[in-house]
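Colleague: Fold the following.
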Amino acid sequence: MPIAASRLPAPCRPEPAVVQRLLASLQGRLDWPAVITAAAPWVQAVRDKPAPFWAMESLLREYPISSAEGLALMRLAEALLRVPDAETAIALTADQLGRADFSSGGSDSSQHKMLSSLSASAIGLAKRLLPDDAGSKPGLLERLGAQTVVGATVRAIQLLGRQFVLGRHIGEALGEARTQRKDQPRLRFSFDMLGEGARTAHDAQRYLAAYQNAITAIAESTQGQGPAERDGISIKLSALHPRYEDAQLERVLDELVPRVCGLIDAAARADINLTIDAEESDRLELSLVVFDRLAAHVQDTAPAWTGFGLAIQAYQTRAYEMIDAVAEIARRRSLRLMVRLVKGAYWDGEIKRAQELGLNGYPVFTHKHHTDISYLACAQRLLEHHAQILPQFATHNAGTIAAIVQMARHHGARFEMQRLHGMGEGVYREVMAASPESRRAAPRDSSPSGGDAAGVSGPHELSLRIYAPVGEHRDLLAYLVRRLLENGANSSFVHQLADAQVPVTELLHSPLQPADAAGQPAPAALYGSGRANSSGADLAVPEQRAPLQAAVQATQVRTVPLADEAAVRHAMTMLDSGFDAWSARPVAERAAIIRRAGDLLDARLAAYCGLLVREAGKTLGDCIAEVREAVDFCRYYAEQAESRLAPIALPGPTGESNELRLHGRGVFVCISPWNFPLAIFAGQVVAALVAGNTVAAKPAEQTPAVAQAFVELLHEAGLPTDALRLLHGPGEAVGAALVAHPATAGVCFTGSTQVAKIIQRTLAASEGAIVPLIAETGGLNAMVVDSSALPEQVIDAVVQSAFRSAGQRCSALRLLCVHESIADGVIAMLRGAMQELRVGDAAEIATDVGPVIDAEAHGNLSRHVARLEREATLIGRAALDTRFAATHIAPVAFELKQVEDLREEVFGPVLHVVRWGGDVDTLVKRINALRYGLTLGIQTRIDSRATRIAAQARIGNVYVNRNMIGAVVGVQPFGGEGLSGTGPKAGGPHYLYRFCAEQTLTINTAAAGGNAALLAGLD
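Modeller: Below is the predicted model:
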C-alpha cells in the first residue's frame, strides 16, 4: 500500500479530541467578527432580492423540507419520472400528495405567484381528482382526472429537474454553460455525468463512454481558451467499476485504474480539469491508493499538467490528514494537484453504517458545526499547501466564503470557489458583484504575504466554478433529492438563509466552539443504558481486518466426541437433577452469568470468526455478524430476564394478595442448525438457561466445534456443569432420543419444516406431560418490487438477500416478484450484478460466496438447478472456478412463469424470478397461499402500498426498501408463522415467556385477623 494511504489515522477516533486538534490549528488564524462584517451585506442583499422562482431559496421558503408539502415534493422528485406505468404513477402521486396541502403557497411575494399558481392549478388538484385509496380502481372520469393531475405533477417535477441538472447530455449542458457565461464571462464549470454507482460491467462501460464523450466535447468547446478559463469534468470511481471496494483491491487496480488513465490522458491532452469525486468513508483508503497510482501515471505522461485533482469531504474525521496525504503525493510525484473541499453528502448513511457494524466510533462528525470547524481547518491546511495544491472550496455558506478569503490573503494563495448548479446562486451573485469599496473595508493582513498578493485582493476577483450534473432527469433526481435534503435541513445555512426570522448575526455566528455533548450516541450505546451494542470490525480498514485474518490462519478445528444413547440418558439424568438448584437461583444471578458470557465472547471476536470460517465455511463478513448476534442474544436475554421474569403483583379484593410468578420448566432440549452454528445455538441455549431451565444442546452434525467452544465459554462465565450438556451426533439418533426422553420439558428447534413436523408428532405421541415446541423453520421468502422502486437499490437488496451466506439463511430471498413494466431492465441488471460476484475460498477477503455446507446439500442443489434448466428460463449465473466445482454452487437465477411454480424451499444460492402485473393485493394472496411465512421484502416508494402489503401478508418479518436478511436482536425480532414456525420471535420481548411455566400465588391475608392496613384507617 502506498505511503500516503498508510499515513491516515483510524477512521473512528474520539470526536472531541479531533475537534480540539482542529480548533488548535485555527488558533489565531481567523478574525470572526471580520468574517461577519464581510458576509453580512451579502446575506442581507440575498434577502432583499429573493432568488428566482424554483431556486433553492425559493423552494425552501415555499415548501420547507420539514413540512409535509416539501417532503412530498422531494419524494415525488426522487421517483415519479422513472415510473413507466400510469397505475403506479397515479398511486405514487396520490400517496405523496394526499398527505400534503398544496392549495396555497407559503409566500406572499409577487415573485412567487408562478409557484403558487402551479401548486394550486396542478398539484393542488390531487385530493379532489386522485383516488382516496391508492390501490382502488377509479372510474373513467376519475381516471382521466387523476392522469391529468399526474401529468401536471410530472411537468412540475421536470421543471424542478431543469433547475438542478444543467443538461440531459453534454451538448445541452455546454450550450447552457455558454448562455450563463454571457452574463458572467469568467464562470467555469465542472461537468458531472451523474447517476448511481455501477452495478454491472455494462453500467461501468456506459459511464466510461459518457465520460469519454464529455471530455471530447469539453475539449472542442474550449479551444482557444487559456487553461484557467477551461471547464472540467468530475468522475466517480464507483461508476466506473461495479466492485469499487477495498475487498476487491486487486481487481480495482487491474481493471479500473487503466480506464481512468485513459480519461486522464484525454483530459491532459486537452488541458482541462479532471477531478475524482468523493466516496463513502469505507472507500477512503482505497480512493487514496487509486489516486496515488493515477498520480504516478500523470507523473510519467503529463508532468506539467495541473488539472488533476481529488474531492475531500470535511465531515470525515480524517479529512485534515487526507489533505496532508495528497500534498505528500504531490511532492513525491513532483506535481501540482487540485483538491476540492466539500462538506459531504452521505452523513446519515455513514452514521447508520457505523451503528450497524458496531464500530468504536463514527468516521464522520456527529455535529454539523463540527463539520464547519473541520471545513475551516481543512481550508487553512489546503492554503498552507498551496505550493503543491490548488485549493477549490465548494460551499454555499456566506460566512465560510468570507473566512476563506481572509485566510487566503494571509497565505497569498490563489484558490477557486465552487457551488452546485441551482444552489447558492443568490449568495454568489452578491459575492462576485462586491464593490471595491466593500473590499477595501474588509480587514487586511499586515504580513508581507497578505494584502493583494498573488492576485487575491477581494471578493470581486474570486474564481467561481459551477459543479453541474448532466444526465436524464429521471436518473439524476435521486441524487438531487439527497442534495436538497442535505442543504434544506433545518440547521443548514441555505435553509436559514431563506428564513428572514433568523437574524443575520445568528446566521453567521462563529462555529469555533466544540459541542457540549455528543451529537449521536456512540455505536456501543445504540440501545441505551440497558445493554451495550456488540463490538464489530470494519473489514475495509486493514488494521481491523488483520487480526481476523490471522485468527483464520491459526485456527484448527477440534474433534468433538459423538454421543450415544447411554450418553443421552446420563446427560438427561444429570440435567434433571441439576434443575432445582439452577432454577432456584435468583434471576439476577442467572442473568449476570449470561451477560458475562456475552462480554467474554465480545472480546474474542477474532477467535470465533476463525472457527466459523474453518468449520462452517463462512466469509469473514458473515462471521463478524454471527459472533455479534450471539453477543447480542446474551445481553438482550439477560436484560429481558431481569425486567420480565420478576414476580408481578396483581390486583384483588381487600385482605388478599395475588402474585404471578414465572419459573423454568425443567430440561429443555435445544436443537440448532449448521447455517448459524454460533448465533442460533447461543440464542436458544442462553434463553432457556436464563429462564431457569437446564439445557441439553444438540448442535448440527456439521458444526459441533463452534457449539463446543461456546459451551466452554458459558462454563468459564460461571455456569454450573450440571446446567448444560452438549450432545453431538446424528439427528435421527441423538436428536430423536433427546426429544423422546421422559425428562424433556420443552424443545427449541431451528431447522427444516419436515424435521419440525417429526418433532411435533413425537411430542404429541408422548405419554407424559404436554411439552411445548418452539420451532423456527424455513421459508419461500418473496420480495415484491413495483415500478416506483429504484432499480440500483433493488439489485443491491436482491444480491445481498439471495446470495450472501451462499443463500444458506432461513431468511434468504427465494422468489423475486418484479412488476412487468420494469422487469426487463431489473433482470438485465441482476444478470450483470451476479456476474460480478466472486465464488471461492471463504477465508479470502475478496470472496462473496463461499461453499455450501456439505456434499449432501451440494447434490440436492445441483439436482434442483438441473431441473430448472429444463423447466425454467435461465437469467444468469456467477462464474465458478473448476477448483470449487465439488464444494460450491455458483449463484444462479431462473425466471418462472408463476409464483406457484416454486413448490419447496431451496436452501442455497438459487433465485427464482416471476413477473407480476395488475393488482398487487392478488400477488400477496398468492404468496400467502404458499403457506410459508418467514420474511417478505417490499421495494416501493408508495408508502401506503407498503403498509397495505405488510398488513395483508401472513409473514413474520417484513422489510421495506432494504435487504431481507440480518435481523438484529431486539430490533427485528425474528420468526415466522404457518410452515415457517410457531413463534414467539427470537430476539423479541415475548421469547423468554415460552421457556417458562407460570404460577399464581394467592394468599388470603385476612384469614389471620383481617387487613391490618385497612382497619388502621378506621376511627
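
Colleague: Is residue 772 in contact with residue 744, as I believe?
Modeller: No. The criterion here is Cβ atoms under 8 Å, and residue 772 misses it with residue 744 at 10.4 Å. Backbone N, C-alpha and C define where each C-beta goes, glycine included.

Colleague: So between the two, which is more surrounded?
Modeller: residue 744 (25 against 17; other Cβ atoms under 10 Å).

Colleague: That one bridge partners, please.
Modeller: Note on residue 744: beta-bridge partners by DSSP bridges are residue 667.

Colleague: separation between it and residue 173?
Modeller: Distance of residue 744 to residue 173, computed by Cβ to Cβ, to the nearest Å: 73 Å.

Colleague: again, but for residue 911
Modeller: Residue 911 is 39 Å from residue 173, by Cβ to Cβ.

Colleague: and what of residue 815?
Modeller: 43 Å.

Colleague: all helices of the stretch 801-950 of the chain, in order?
Modeller: Taking DSSP state H, counting those that start in this stretch, the helices of the stretch 801-950 of the chain run over residues 823-835, 855-871, 920-928, 943-952.

Colleague: Tabulate the ones you listed (JSON lines), appending distance to residue 70.
Modeller: Below are the helices of the stretch 801-950 of the chain laid out as JSON lines (distance: least, Cβ to Cβ, whole Å):
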{"stretch": "helix 823-835", "distance to residue 70": "30"}
{"stretch": "helix 855-871", "distance to residue 70": "48"}
{"stretch": "helix 920-928", "distance to residue 70": "28"}
{"stretch": "helix 943-952", "distance to residue 70": "16"}
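
Colleague: out of these, nearest to residue 84?
Modeller: Residue 84 sits nearest to helix 823-835 of all the helices of the stretch 801-950 of the chain, at 9.4 Å, using Cβ to Cβ.

Colleague: for the closest one, packing partners?
Modeller: helix 201-221, helix 791-803, strand 815-819, strand 873-877, strand 892-895, strand 910-916 (3 or more Cβ pairs under 8 Å, 6 or more residues apart in numbering; DSSP states H and E).

Colleague: Thought residue 875 was touching residue 891, still the case?
Modeller: No. Here residue 891 does not reach residue 875: they are 10.7 Å apart, not a contact under Cβ under 8 Å.

Colleague: Between the two, which is the more surrounded one?
Modeller: Higher neighbour count among residue 891 and residue 875: residue 891, with 27 against 18, using other Cβ under 10 Å.

Colleague: Could I get the phi/psi values of that one?
Modeller: phi -50, psi 130 (degrees, to the nearest 10).

Colleague: who touches it in this structure?
Modeller: 802, 803, 807, 834, 837, 839, 849, 877, 878, 909, 910, 911 (Cβ atoms under 8 Å, 6 or more residues apart in numbering).

Colleague: ok, now residue 232?
Modeller: By Cβ under 8 Å, 6+ apart, the neighbours of residue 232 are 188, 189, 190, 191, 218, 267, 272, 273, 274, 275, 307, 465.

Colleague: now do 10 Å
Modeller: The contact partners of residue 232, by Cβ atoms under 10 Å, 6 or more residues apart in numbering, come to 188-192, 214-215, 218, 222, 267, 270, 272-275, 307-309, 338, 465, 467.

Colleague: and it, bridged to which residues?
Modeller: residue 190, residue 273.

Colleague: mind checking how far it is from residue 432?
Modeller: 19 Å.

Colleague: With residue 564 instead?
Modeller: 87 Å.

Colleague: Quick check on the two: which one has the bigger neighbour count.
Modeller: residue 432 (18 against 14).

Colleague: how far away is that one from residue 770?
Modeller: Separation of residue 432 from residue 770 (Cβ to Cβ): 82 Å.

Colleague: Please tell me I have it right and residue 97 contacts residue 153.
Modeller: Yes. Counting by Cβ atoms under 10 Å, residue 153 is a contact partner of residue 97 at 7.3 Å.

Colleague: any idea whether residue 419 is helix, strand or coil?
Modeller: Taken by DSSP: H, G, I helix; E, B strand; the rest coil, the conformation at residue 419 corresponds to strand.

Colleague: got it, and residue 151?
Modeller: Residue 151 is classified as helix under three-state DSSP.

Colleague: residues near it, how many?
Modeller: 14.

Colleague: And for residue 658?
Modeller: 14.

Colleague: so it makes contact with residue 999?
Modeller: No. Using Cβ under 10 Å as the test, residue 658 is too far from residue 999 to be in contact (11.4 Å).

Colleague: which ones are touching residue 315?
Modeller: Residue 315 makes contact with 281, 342-347, 350, 362-368, 370-372, 374-375, according to Cβ under 10 Å, 6+ apart.

Colleague: Beta-bridge partners for residue 698, please?
Modeller: Bridge pairing for residue 698 - DSSP bridges - gives residue 671.

Colleague: Nearest residue to residue 507 in space, please, no chain neighbours.
Modeller: residue 496 (5.3 Å; Cβ to Cβ, 6 or more residues apart in numbering).

Colleague: Also residue 536?
Modeller: In space, residue 536 is closest to residue 358, 3.3 Å off (Cβ to Cβ, 6+ apart).

Colleague: contacting residues for that neighbour?
Modeller: Residue 358 neighbours (Cβ under 10 Å, 6+ apart): 523-524, 526, 532-538, 602, 605, 624-625, 628, 631-632.

Colleague: again, only using 7 Å
Modeller: 523, 533, 534, 535, 536, 628 (Cβ atoms under 7 Å, 6 or more residues apart in numbering).

Colleague: now do residue 635
Modeller: Going by Cβ under 7 Å, 6+ apart, the list of residues near residue 635 reads 531, 532, 595, 598.

Colleague: do residue 364 as well
Modeller: For residue 364, the contact set (Cβ under 7 Å, 6+ apart) comprises 281, 315, 316, 317, 344, 347, 350, 351.

Colleague: same question, residue 530
Modeller: Here residue 530 is in contact with residue 639 (criterion: Cβ under 7 Å, 6+ apart).

Colleague: all numbers from here: first residue = 278
Modeller: Got it, the first residue is 278 from now on, which makes the last one we talked about residue 807.

Colleague: Just the pLDDT at it, thanks.
Modeller: Per-residue confidence (pLDDT) for residue 807: 84.

Colleague: part of a helix, is it?
Modeller: No. Read with three-state DSSP, residue 807 is coil and lies in no helix.

Colleague: Just the buried positions in stretch 533-549, please.
Modeller: 533-534, 536-538, 540-545, 547-549 (16 or more other Cβ atoms under 10 Å).

Colleague: meant to ask about stretch 1004-1015, not that
Modeller: Buried, per 16+ other Cβ under 10 Å, within stretch 1004-1015: 1004, 1005, 1006, 1008, 1011, 1012, 1013, 1014, 1015.

Colleague: with these in mind, which one is nearest to residue 1241?
Modeller: residue 1008 (27.5 Å).

Colleague: What does the pLDDT read for the closest one?
Modeller: Taking residue 1008 on its own, its pLDDT is 93.

Colleague: Show me which pair in the contacts of residue 1168 is furthest apart.
Modeller: It's 1116 and 1188 that sit farthest apart of the contacts of residue 1168, by Cβ to Cβ, at 14.6 Å.
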